[in-house]
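Undergrad: just to be clear, the model below is a prediction. Sequence and coordinates:
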Amino acid sequence: MTEELFIGIDLGRSGVRVEVYDILGNLIAEGREPLSKQTIDEWLLALAKAMPSAVKRCRDCKKYVAIDGTLGTF
């Protein structure tokens, strides 16, 4: 059976937060990275740094992602 990961991403004014849950709703990993500027490049860099290694290692997993942010979207 393929593992499923549920990933929540929050793009805030001061940083990026990522939380990863399993199918039962258990928190299995989290990451945070501060932001110094509000640019797309800065958000993408912070997101890459905040993404837990559990997500990167699980290549064959089904991943469901929800993203929220306090500012604009891209």
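TA: Nice, thanks for sending it over. Since the structure is predicted, the reported quantities are computational estimates derived from the model, not experimental observations.
Undergrad: can you tell me the closest non-neighbouring residue to residue 4?
TA: Nearest residue to residue 4, sequence neighbours excluded (CB to CB, 6 or more residues apart in numbering): residue 62, at 4.7 Å. C-beta here means a position set from N, CA and C on the backbone, and glycine is covered the same way.
Undergrad: next: residue 3.
TA: What sits nearest to residue 3 in space, not counting adjacent residues and going by CB to CB, 6+ apart, is residue 61, at 4.6 Å.
Undergrad: residue 9 pairs with what?
TA: For residue 9, the beta-bridge partners are residue 18, residue 67 (DSSP bridges).
Undergrad: contact partners of the top helix by length along the chain?
TA: Using DSSP state H, we find that the single longest helix of the chain is helix 40-50. For helix 40-50, the external contacting residues (CB atoms under 8 Å, 6 or more residues apart in numbering) are 9, 11, 15-18, 31-36, 74.
Undergrad: which of those residues are buried?
TA: Buried members of the contacts of helix 40-50, scored by 16 or more other CB atoms under 10 Å, are 9, 11, 16, 17, 18, 31, 33, 35.
Undergrad: count of neighbours near the residue lying closest to residue 22 once chain neighbours are set aside?
TA: Using CB to CB, 6+ apart and skipping residues adjacent in sequence, the residue nearest residue 22 is residue 28, 5.4 Å away. A total of 14 residues lie near residue 28 under the criterion other CB atoms under 10 Å.
Undergrad: please report phi then psi for residue 28.
TA: Dihedral angles of residue 28 (phi, psi; degrees, to the nearest 10) stand at phi -110, psi -20.
Undergrad: give me every residue that touches it.
TA: Contact analysis of residue 28 by CB under 8 Å, 6+ apart lists 5, 20, 21, 22, 54.
Undergrad: check the offset of stretch 57-72 from the chain's centre.
TA: Here stretch 57-72 is found 5 Å from its chain centre; the criterion is CA atoms, centre = their mean, to the nearest Å.
Undergrad: fine, thanks again, bye for now.
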